[in-house]
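# This is a predicted model, with the sequence first.
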Amino acid sequence: MDSATAATTAEEMKRHCAFCLKEISGEAIKKCAKCHKRAYCSKECQTADWTPNKKNGQGHKNWCGTDYGEEDVDWAVVPVPGKGLGIVALRDIPKAYPIVVETGVDKTHPRVAELTPLNGSLEMKFHSNKYSCVGRDGVAEEVLCLRMSRVNHSCVPNADNFYDKSVKVIGTCRGLTCLLLILVQCE
Ligand SMILES: [Zn+2]
Ligand SMILES: [Zn+2]
C-alpha cells in the first residue's frame, strides 16, 4: 500500500475485517487487491477468506469483482431497540441487489467462541446464532452466518435470502433507502 492510498484510507470510516470481523480503521484497513472493496485486517485473513470452506473462508473469489454489498460500505450491523442487533442499508439500494453475501462457518471459526450464550458450549452457540437459508433443493438449511444471523425478520419483508452456488445472499425485494432496516420473511 503506497502512502497516497494510506492517506485516503485513513479518512475512511471504520471497517470490519471480512474474515475475522475485527473492527479496523485507518492504515490497518487492507483491501482486496482485485475489487478494492472488501476489507481485511491482515494478509492472513485475506488469504483465508479467498477460498471457499477452507478454514471457514467465505470464498470471496466466487463473487469478487461482481456488484454486491459489503459491510460498512453498503450495509452495517447496528443496535436495534428491542431487537438486539439488525442490519441497515448504508445507502439507497436498488431492487434485486445482492446486498449481503456470506458463507456459513463451522464451529472452528475464531469468532464462534465469542457468541452468546457466553458460557455455552460451541454447540449451544451454534444453535443460538444459526441462520436459516433455502438451498437449491428448496429445503431450508441451518448454518452459522456470523453477519446474516443479525438480520431481523418481518411478515412484511423487504429482502429475501437464497443460495447462489454455495454462497448465501440476502437480496432486496424492493428498493431500500439509506438507513432502512433489512428485513427477511418471518420464519
Ligand atoms: Zn481479520
Ligand atoms: Zn475482491
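Arrived safely, thanks for sending. Ligands and ions are numbered 1, 2, ... in the order given.
# can you tell me the helix or strand for V169?
Assigned by DSSP states H and E, V169 belongs to strand 167-172.
# swap in F126?
Following DSSP H and E, the helix or strand that holds F126 is helix 122-129.
# Just checking the distance from that helix to the centre of its chain.
18 Å (CA atoms, centre = their mean, to the nearest Å).
# Buried ones in it, by neighbour count?
Within helix 122-129, the residues scored as buried using 16 or more other CB atoms under 10 Å are K125, F126, N129. The way it works is simple: take the backbone N, C-alpha and C, and place the C-beta from them, glycine included.
# and L181, what are its bridge partners?
Taking DSSP bridges as the rule, L181 bridges to V88.
# Need the pLDDT of it.
pLDDT recorded at L181 is 97.
# How many neighbouring residues does it have?
By other CB atoms under 10 Å, the residues close to L181 number 17.
# you'd agree it is up against L85?
No: if you go by CB atoms under 8 Å, L181 and L85 don't touch, sitting 10.6 Å apart.
# count of neighbours near Y40?
By other CB under 10 Å, 26 other residues sit near Y40.
# partners of the strand holding V169 in the sheet?
strand 98-102 (antiparallel), strand 159-164 (antiparallel).
# if we look at it, which residues are touching it?
The contact list for strand 167-172 (CB atoms under 8 Å, 6 or more residues apart in numbering) reads 52, 58-59, 62-63, 68, 87, 93-104, 131, 133, 143, 145, 148, 151, 158-163, 182, 184.
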